[in-house]
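**Student:** coords please:
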Amino acid sequence: VVILSLLMYPLLRSLALQLHSAITGSYVSGTHSIAFINCLNEQIAKDIARAIMDKKLAAYVNILPKSSALYFWKGELEESTEILLLVKTRTSKIGELSNYVRSIHPFEIPEIISLPIDQGNPLYLKWIEESVPRD
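**Tutor:** Just a heads-up that it's a prediction; the model follows:
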């Protein structure tokens with residue numbers, strides 16, 4: 001019984017938080033995330049952003065202007081310019097988003113990382129929720 005309780009705890013906690021959120025209208029930290037995706041140039045960034053939106057994997061994508069990047073690639077120090085996408089979505093969609101972007105991105109190993117949203121404007125977070133379909 002103790003082992004079963006420990007195994008069920010994450011699911012039960014998640015359900016309790018969702019129920020609390022629904023009843024009180026409060027935000028559950030981590031329900032939404034921001035994903036960071038780097039792109040070689042503006043055209044690739046726009047193409048990937050549009051593809052993400054067409055698949056309804058995000059509510060909003062910012063395309064940030066060029067930035068300089070330094071990184072090690074195959075043992076060598078590289079320098080380049082990149083365009084950064086900031087993708088606002090449900091945390092539950094991060095896996096699907098990552099798989100999809102890897103399938104269309106021209107980089108061998110694209111940067112796709114995410115951070116959970118801890119807090120924010122409740123109306124904006126509700127809009128993300130309404131804009132990105134559930135799993």
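**Student:** for residue 87, grab the count of nearby residues.
**Tutor:** Using other Cβ atoms under 10 Å, residue 87 has 25 neighbouring residues. Every C-beta, even on glycine, is put in place using the N, C-alpha and C of the backbone.
**Student:** how about the one 10 residues further on?
**Tutor:** Other residues within reach of residue 97 by the criterion other Cβ under 10 Å amount to 22.
**Student:** quick one: contacts for it?
**Tutor:** Shown in contact with residue 97 (Cβ atoms under 8 Å, 6 or more residues apart in numbering): 35, 52, 57, 58, 87, 89, 112.
**Student:** from these, which land in strands?
**Tutor:** Judged by DSSP state E, strands contain the following of these: 35, 87, 89, 112.
**Student:** check contacts around the residue most central in space within the chain.
**Tutor:** Centroid check for the chain by Cα atoms, centre = their mean gives residue 35 as the closest residue, at 3.4 Å. Contact partners of residue 35, counting by Cβ under 8 Å, 6+ apart, are 58, 85, 86, 87, 89, 94, 97, 98, 112, 113, 114.
**Student:** pretty sure residue 100 is in contact with residue 56, am I right?
**Tutor:** No: the pair residue 100 / residue 56 is not scored as a contact, 11.0 Å apart, by Cβ atoms under 8 Å.
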